[in-house]
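In: Have a look at this fold, sequence not included:
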């Protein structure tokens with residue numbers, strides 16, 4: 001399967017010409033008049049939770065109301081995303097999640113308790129993410145091809161962790177077998193932090209994680225990064241080479257973080273929330289924090305996010321179909 005690298009310019013540029021399927025209704029001009037909740041379908045303390053808290057602090061100042069971060073992990077973002085999909089469309093509940101909610105889950109799960117495309121409306125493409133592949137610090141290899149040779153000689157499937165069945169980390173792990181050979185066994189976790197801890201303790205061979213989660217373990221000398229997925233190196237870990245630089249193809253799909261509202265949320269609330277997110281992200285101090293966390297700040301319009309979803313979803317769906325991954 002041939003795929004083009006998807007970078008910030010490609011994603012946003014492709015989106016500009018797409019129509020936005022807006023939401024009905026008009027908001028009260030006084031919005032917001034009470035605290036706003038942002039549901040994050042990941043563990044507290046993890047990479048996405050940390051990112052959203054940085055943005056929420058800025059939103060509280062911009063909107064004049066407290067913006068609360070509410071972690072609701074589980075089922076590869078389904079638990080938290082369903083809460084928002086079924087929430088009142090009054091402008092006081094939002095979702096910030098990864099691409100898995102829209103690009104992966106509809107192809108992975110035989111049944112979903114909601115329809116991401118119909119029950120959630122785009123607000124903003126917040127950022128493009130960085131994901132590292134990591135192993136124990138004393139592992140007897142320092143690059144991907146050497147890891148592949150080690151796995152082939154292991155005598156058992158190498159275990160690798162991700163933040164859930166059907167997550168992007170899970171699918172990337174399935175791609176190891178095609179790219180490097182050998183046998184791999186997926187171990188799902190409720191976030192990348194516990195998987196990292198198991199790698200550091202020797203209970204897991206390989207895992208995927210964000211720079212935010214990985215840096216403390218790297219600094220402590222407990223794990224080491226082998227490569228970064230994506231089209232180019234990350235500004236947060238510029239010393240880590242890409243899969244492509246190590247002549248391992250196929251790991252150039254972007255992982256992204258985006259904001260959504262329940263379907264039916266008045267369009268002017270959607271627009272005002274997008275504008276507030278963009279204003280926060282454009283602040284140099286916030287942008288720098290995001291970069292340090294392995295995120296490339298964007299803050300797109302709803303129309304641009306809509307176009308990204310239309311572009312990326314078929315690519316992930318094809319990958320899932322070819323991998324044979326399925327969750328009942």
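Out: Done, it's in. Everything quoted here is computed from the prediction, not taken from an experiment.

In: and residue 164, what does it touch?
Out: 75, 76, 77, 100, 170, 188, 189, 190 (CB atoms under 8 Å, 6 or more residues apart in numbering). (Glycine included, C-beta is placed from N, CA and C.)

In: redo that, cut-off 7 Å
Out: When contacts are counted by CB atoms under 7 Å, 6 or more residues apart in numbering, residue 164 touches 76, 170, 188.

In: Can you tell me who the residue nearest the centre of the chain pairs with across the strands?
Out: In the chain, the C-alpha nearest the mean C-alpha coordinate belongs to residue 98, at 3.4 Å (CA atoms, centre = their mean). In this entry, residue 98 is beta-bridged to residue 257, by DSSP bridges.

In: now do residue 208
Out: Bridge pairing for residue 208 - DSSP bridges - gives residue 133.

In: what about it, how many neighbours?
Out: Under the neighbour criterion other CB atoms under 10 Å, residue 208 is assigned a count of 25.

In: which residues does residue 116 contact?
Out: So residue 116 contacts 81, 101, 102, 105, 106 (CB under 7 Å, 6+ apart).

In: Mind naming the longest helix for this structure?
Out: Using DSSP state H, we find that the single longest helix of the chain is helix 302-323.

In: quick check: mean pLDDT across that one?
Out: Here helix 302-323 scores 89 as its mean pLDDT.

In: just checking, what packs against that helix?
Out: With contacts taken as 3 or more CB pairs under 7 Å, 6 or more residues apart in numbering; DSSP states H and E, helix 302-323 sits against helix 8-15, helix 105-108, strand 120-129, helix 168-180.

In: Off-centre distance for stretch 146-160?
Out: 27 Å (CA atoms, centre = their mean, to the nearest Å).

In: Counting neighbours, show which residues of that stretch come out buried.
Out: 147, 148, 150, 151, 158, 159, 160 (16 or more other CB atoms under 10 Å).

In: Find the residue closest to the last one in space, skipping its chain neighbours.
Out: Right, the one you point to is residue 160. Distances taken as CB to CB, 6 or more residues apart in numbering put residue 206 closest to residue 160, at 4.1 Å, once the chain neighbours are dropped.

In: Show the pLDDT at the one you found.
Out: 98.

In: how far away is it from residue 320?
Out: 21 Å (CB to CB, to the nearest Å).

In: Look up how far residue 242 lies from residue 280.
Out: Counting by CB to CB, the gap from residue 280 to residue 242 is 29 Å.

In: out of the two, which sits in the busier spot?
Out: residue 280 (25 against 18).

In: Dihedrals phi and psi, the more buried one?
Out: When quoted as degrees, to the nearest 10, the phi and psi of residue 280 stand at phi -70, psi -50.

In: Pretty sure it sits against residue 60.
Out: No: with contact defined as CB atoms under 7 Å, residue 280 does not reach residue 60; the gap is 9.6 Å.

In: A strand includes residue 75, no?
Out: No: Residue 75: not assigned to a strand; according to DSSP: H, G, I helix; E, B strand; the rest coil it is coil.

In: Give the burial count for it, as a bare number.
Out: Using other CB under 10 Å, residue 75 is surrounded by 19 other residues.

In: Please apply the same query to the one 5 residues further on.
Out: For residue 80, the count of nearby residues is 22 (other CB under 10 Å).

In: host element of it?
Out: In the assignment (DSSP states H and E), residue 80 maps to helix 78-85.
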